[in-house]
Each structure stands twice: as structure tokens, then as C-alpha cells.
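J.: Generate a structure from the sequence data that follows.
(one chain, ligands or ions: 1)
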Amino acid sequence: MVKAKDLPDGIRCLMGKHDGPIVVLLAKTHGDELAGGAVVETVLASLPSIERGKLYIGIGNPLAARENKRFIDTDLNRSYGKSPPKGYEGARANVLKPLLEHADYLFDIHSFRKPAPPIVCYPGEDFSTLEKLAIHLPIETIVYGPGLWPADRDHIYADTFVCAKGGFGITVESGYLHDMTAVQGVVDGLHEILQLLLGTSGASVLGQVTHLKTYFRAVENVVAAKGFTFSKDWQNFETVPAGTCYATADERKYIAKRDMCMLFPKAPASIVEGNEVCILMEKQFQKQ
Ligand SMILES: [Zn+2]
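T.: As a prediction, the model looks like this:
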């Protein structure tokens, strides 16, 4: 357990009077995610007290956040695996890991690098908790499934690390970097979720509103072979029809076996041989 005096830089802890779950709410795992930062700041500013459990809340990557940069040395959200990288983010991941490994719930709030509506990503198996919590968020698109893990199944992302340790870890992409359109809705949804989990006495009351959900199953985390090039400038959620050659490499073609949708396609400058380059998903079902 993390003692108050040992709290990582940029993280606060709110304690309830009674036993309860440990909840971690983070923003700015990538330091330039202003909308995600606004979500967590707004939740914190309007959270008088919690009844039970503990809430760890704050900034994932404080140094990069102070410089409004995505990262200092390496991507923090690739640093929670079995061998953390060297440099600032590797050290930061080692500081956050003791907190995350005891977390019952992680809400890791990010922002997209291209304009897009908000989404929820959940790499775990607890689908009923996903439905129970996601219903509070005014976010239509829910992505889950094995494609949210790297091909080698190492828990390099914060949400996969929490899921691997037996907790419930989700990532919320709250919209484009500095686009504040979705911020208040996500804040209201998080207040409802925190009220449910921790008995917070925040401003909101548990809502009766349900939001339409569209579920996508992430089936493949695609790794870049030598010479990887996308066949076009794919957009998030763009359809990749069965049989489409969506990318090529020196010694292979990447062909969609079924009708798929594209998620997180990397920009050419960010493509690294041997690293993940996009995720392919199947559209599943809609639910009110
Ligand atoms: Zn991010």
C-alpha cells in the first residue's frame, strides 16, 4: 500500500471513512492532453468528500504535462510491461505501478491526436462491470477485446496492467487534444461512477439517462514489419472492407480477412518496426 507521504508527484489521495474500493483517476499520461487534464481538474475541483474506499487522482506524466509535450523520453502508456524502458517515463511507470497494482478501478483519461468523438477502451474480461459503469458516460463508442493487448500479451498499457493485476482498468479518450466539447459530459459521468463506487457527495445525482452504446471488438493489434506503409491515410473508425490491402511491408501485405474498422492508425513518422501500428476491430452491436 502507498503511504500518503510517499504519494507520487502530481497525485493526491482522498480517503473515505469506511473500507471500500481503491479507485485511480489519471489524466495526462501523455502530457499534451489538455482536454483529459481538464476532466480530472474539474472532477477534483467539485469533489467534496468520499464515503468509503480511496481515490488516487492526478497527473500521469507531470514533467511532460508541465512542458505540454506528449512525453519526455518515451511513451508512458507503453511503459507498464515486464521490462520498463529507461528514462523519465520508465522511472515514472515504476513509481505508479505500486498504486496501480492495488487499484480495483482505473479510469485513465486521454485525448485523441486527431479530431474524433470520445471513446471508452476496456482490455479486460469483466463485461458486466463495463456495461454497468459505461452506462453513466455519454460516450457512444465502446471498444473491448483482445486486440487492446499487444501481440505478445505484455501489459505495457496502464489499463492492461490494472486488468492483469485483477482490477478493472479502462481508458477514456475524451476527444481531440484541446477540444473541450465532451469534457463536461465525461466529468458528469465520472461523478456518477464515483458516487456509485465511493459514495462521493459530489454535485450530481445518479442519472436515469441511458446512452446508446455501440460496441466494437478489437481483434488484432497489428505490428509493423520492416518497411511498413499504410495504403492510405486511414482515419479512426474508418471501415476496412474484407479483402482490402490496408498496408504493405517489404516482405508482406496486410489484408483484412473480414470487414474491419481501423483504430489508432499511427502517422508515418511514428511507425517503428516491431511496434504496434494500428488496431483492427469488428463492429458488434448497439444497445440502449
Ligand atoms: Zn494519451
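J.: Closest residue of the stretch 101-250 of the chain to the ion?
T.: Going by Cβ to the ion, the ion is nearest to His110 of the stretch 101-250 of the chain, at 3.3 Å. In short, each C-beta sits where N, CA and C put it, glycine included.
J.: per-residue pLDDT, the residue of the chain most remote from its centre?
T.: The outermost residue of the chain relative to its centre, with distances by Cα atoms, centre = their mean, is Glu251 at 32.8 Å. If you check Glu251, the pLDDT there is 94.
J.: for Ala116, same thing?
T.: pLDDT at Ala116 comes out at 80.
J.: For it, which three-state class applies?
T.: Three-state call for Ala116 (DSSP: H, G, I helix; E, B strand; the rest coil): coil.
J.: That one against Asn236, yeah?
T.: Yes. In terms of Cβ atoms under 8 Å, Ala116 counts as a neighbour of Asn236; the distance is 4.9 Å.
J.: give me every residue that touches Ala65.
T.: 10, 28, 31, 37, 59 (Cβ atoms under 8 Å, 6 or more residues apart in numbering).
J.: for the record, mean pLDDT for the strand or helix carrying it?
T.: Taking DSSP states H and E as the definition, Ala65 sits inside helix 62-66. The average of the pLDDT scores along helix 62-66 is 97.
J.: Let's have the contacts of Ala65 in a markdown table, adding pLDDT, secondary structure and neighbour count.
T.: Below are these laid out as a markdown table (pLDDT from 0 to 100; DSSP: H, G, I helix; E, B strand; the rest coil; neighbours: other Cβ atoms under 10 Å):
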| residue | pLDDT | secondary structure | neighbour count |
| --- | --- | --- | --- |
| Gly10 | 95 | coil | 19 |
| Lys28 | 96 | coil | 28 |
| Gly31 | 95 | coil | 23 |
| Gly37 | 94 | helix | 22 |
| Ile59 | 97 | strand | 23 |
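J.: from the residues you listed, which is closest to Ile170?
T.: Closest to Ile170 out of the contacts of Ala65 is Lys28 (16.6 Å), distances taken as Cβ to Cβ.
J.: Find the nearest non-adjacent residue to that closest one, please.
T.: Leaving aside its chain neighbours, Lys28 sits nearest to Ala65 (4.4 Å; criterion: Cβ to Cβ, 6 or more residues apart in numbering).
J.: Pull up the gap between the one you found and Ser83, please.
T.: Remark: distance between Ala65 and Ser83 (Cβ to Cβ, to the nearest Å) = 25 Å.
J.: how's this protein carved up into domains?
T.: For the chain, automatic domain parsing gives the domain ranges 4-198, 217-287.
J.: Next up, the contacts around Leu100.
T.: When contacts are counted by Cβ under 8 Å, 6+ apart, Leu100 touches 24, 80, 106, 158, 161-162, 165, 167, 169.
J.: and which of those is nearest to Ala134?
T.: Distance to Ala134 across those (Cβ to Cβ) is lowest for Gly169, with 13.4 Å.
J.: Am I right that the closest one is in a strand?
T.: Yes. Assessed by three-state DSSP, Gly169 belongs to a strand.
J.: coming back round to it: only alpha carbons, please: show the helix holding Ala65 as PDB.
T.: Provided in PDB are the C-alpha atoms of helix 62-66 (Å, rounded to 0.1, in the frame of the first residue of the first chain):
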ATOM      1  CA  PRO A  62       3.700  15.600 -14.600                       C
ATOM      2  CA  LEU A  63       7.000  16.600 -16.300                       C
ATOM      3  CA  ALA A  64       5.600  16.200 -19.800                       C
ATOM      4  CA  ALA A  65       2.400  18.000 -18.600                       C
ATOM      5  CA  ARG A  66       4.400  20.900 -17.400                       C
END
